[in-house]
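Trainee: Need a 3D model of the following:
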Amino acid sequence: MAVDKNMPVLIVDDYKTMLRIVRNLLRQLGFTNVEEATDGAAALAKARQQNFGLIISDWNMEPMTGLQLLKEVRADEALKTTPFIMITAESKTENVVAAKQAGVNNYIVKPFNAETLKSKMSAVIGAF
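Mentor: Residues are numbered from 1 along each chain as shown. Below you'll find the model as predicted:
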């Protein structure tokens, strides 16, 4: 089954430049239905209002981190199966382990390009 490139994707980052970069990479990959949130709480509210096919979140945000957002998503009956990719500048093993334990589907370390994003997304939602 082909991946629907029209599916809504939620990108979460408190850094506007990073939101723009990820949005542009997604556009290069053919995804046009992209929503943004600038913190975990706003992302959670959006995710509870709209059914997203994928959430891509930064780790380091205030006041709710990407890891806290992930835990909230996984604890929510309606959201718990939503594919979730974490982006971080940290490649610390304990961070990767914590994200895996919380139920992350994949993990991207900055900096990254469209090819990396595509391969990580393909592993999570299927080839496109």
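Trainee: Pull out the buried residues from stretch 86-98.
Mentor: Across stretch 86-98, burial judged by 16 or more other CB atoms under 10 Å covers 86-88, 95-96, 98. Heads up, the C-betas are built off the backbone N, CA and C, glycines and all.
Trainee: any idea which of these is closest to residue 27?
Mentor: residue 87 (16.7 Å; CB to CB).
Trainee: For the closest one, give the beta-bridge partners.
Mentor: residue 58, residue 108 (DSSP bridges).
Trainee: Roughly how far does it sit from residue 4?
Mentor: Relative to residue 4, residue 87 is positioned 22 Å away (CB to CB, to the nearest Å).
Trainee: mind listing the strands for the chain?
Mentor: Under the criterion DSSP state E, strands of the chain are mapped to 9-12, 34-37, 54-58, 84-88, 106-109.
Trainee: Now do the second one: distance to the chain's middle.
Mentor: Looking back up the chat, that one is strand 34-37. How far strand 34-37 lies from its chain's middle: 10 Å, per CA atoms, centre = their mean, to the nearest Å.
Trainee: Provide a list of residues in contact with residue 45.
Mentor: Neighbouring residues of residue 45 by CB atoms under 8 Å, 6 or more residues apart in numbering: residue 37.
Trainee: Contacts only, for residue 6.
Mentor: 32-33.
Trainee: What confidence value was assigned to it?
Mentor: Note on residue 6: pLDDT of 96.
Trainee: Grab the nearest non-local neighbour of residue 73.
Mentor: Distance criterion CB to CB, 6 or more residues apart in numbering; nearest residue to residue 73, sequence neighbours excluded, is residue 79 at 4.7 Å.
Trainee: residue nearest the centroid of this protein?
Mentor: Central residue of the chain (CA atoms, centre = their mean): residue 56, 1.0 Å from the mean position.
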